[in-house]
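# Provide a 3D model corresponding to the input given below.
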Amino acid sequence: MSDEQKKCGHCGRPIKIQVGPGHYIHTDSDSSDIDERTSIKPYRHNAGTGTGVKALVITPDFEVEVAMLGREESSLLGALQKTVGGYIEAVSPAEGDWVLYCNEEGKLQGLPVNNLATRLINELMPGFAQHDVLVGTVVFVGSTASGGSTDVPAEVITVLESMIEEKLS
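From the prediction side, this is the model:
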C-alpha cells in the first residue's frame, strides 16, 4: 500500500508523507507539503538598522524566508518572541553551530504542526521526529561557542534547499 492510499490512524484522512511516528502530512491539506509553491524567499531586511542576525523562518504553512532579526540581546529576544508568537524555547544539537527557536507553549496552545521544520531538524538531528514534532513558526539562527547568536549557518539553508529540490524533482 503506497503512502497515497494510507489513512491517518488519528483522523482517517488520506496521508501523503509520514514525518514521524503518528505524525503525517495529509493529502487533502492546502499547503501540506513541499511543492512548486515552496521556495526560500529572498533575503529580506526587516531590522531597520542594518545590524542583526540572519534567521531562517519557517511557518507551518510552508512559507520559508531568510530574514534579519535584531542583534542586541533584548532586541533579538523581542524579535524572536514576536516571530514565534510567545515565549521562546530553544532546541539545538549537543555539538553544533545552530539553534532553533519555537513557541514554548505552542503545543498547549494547539498551534499547527510545522512539518517542514520538523523534517529539516530531523535531517540535521537524525531521530528527532521519532520523539517530537515542532509546532508553530520556527526560527533557525547560528550559535557561537559562548552561546551568542549569529547568522544562520549556510549548512542549514543548504540542507533545506536540498530537501525542496529533491521533493520537486
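# gap between Gly78 and Gly136?
Gly78 is 17 Å from Gly136, where distance means Cβ to Cβ, to the nearest Å. Where C-beta positions appear, they are placed from N, C-alpha and C, glycine not excepted.
# between those two, who's got more neighbours?
Set Gly78 next to Gly136 and count neighbours by other Cβ atoms under 10 Å: Gly136 wins out with 24 against 13.
# contact partners for Glu104?
Contacts for Glu104 (Cβ atoms under 8 Å, 6 or more residues apart in numbering) come out as 86-89.
# could you list which of those belong to helices?
Residues from those lying in helices, with DSSP state H as the criterion: none.
# can those residues go into TSV with extra columns for pLDDT?
As requested, the contacts of Glu104 are exported to TSV (pLDDT from 0 to 100):
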residue	pLDDT
Gly86	96
Tyr87	96
Ile88	96
Glu89	95
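# tell me the one of the residues you listed nearest Leu120?
Glu89 (16.6 Å; Cβ to Cβ).
# so which bits of the lengthiest helix in the chain are buried?
Ordering each helix of the chain by length in residues (DSSP H) puts helix 154-168 first. Neighbour counts over helix 154-168 (16 or more other Cβ atoms under 10 Å) mark 156-157, 159-160, 163-164 as buried.
# which other helices and strands does that helix contact?
On a contact count with 3 or more Cβ pairs under 8 Å, 6 or more residues apart in numbering; DSSP states H and E, helix 154-168 meets strand 40-44, strand 53-58, helix 115-124.
# and with 7 Å instead?
Counting by 3 or more Cβ pairs under 7 Å, 6 or more residues apart in numbering; DSSP states H and E, the packing neighbours recorded for helix 154-168 are strand 40-44, helix 115-124.
# avg pLDDT for that helix?
Confidence over helix 154-168, taken as the mean pLDDT, stands at 86.
# that helix vs strand 53-58, what angle?
Counting by axes from the mean of the first three to the mean of the last three Cα atoms, to 10 degrees, helix 154-168 lies at 30 degrees to strand 53-58.
# please, which helix or strand holds Leu80?
Under the assignment given by DSSP states H and E, the secondary-structure element containing Leu80 is helix 73-84.
# ok, back up a step: separate out the buried members of the contacts of Glu104.
Neighbour-count burial (16+ other Cβ under 10 Å) is assigned, among the contacts of Glu104, to 86, 88.
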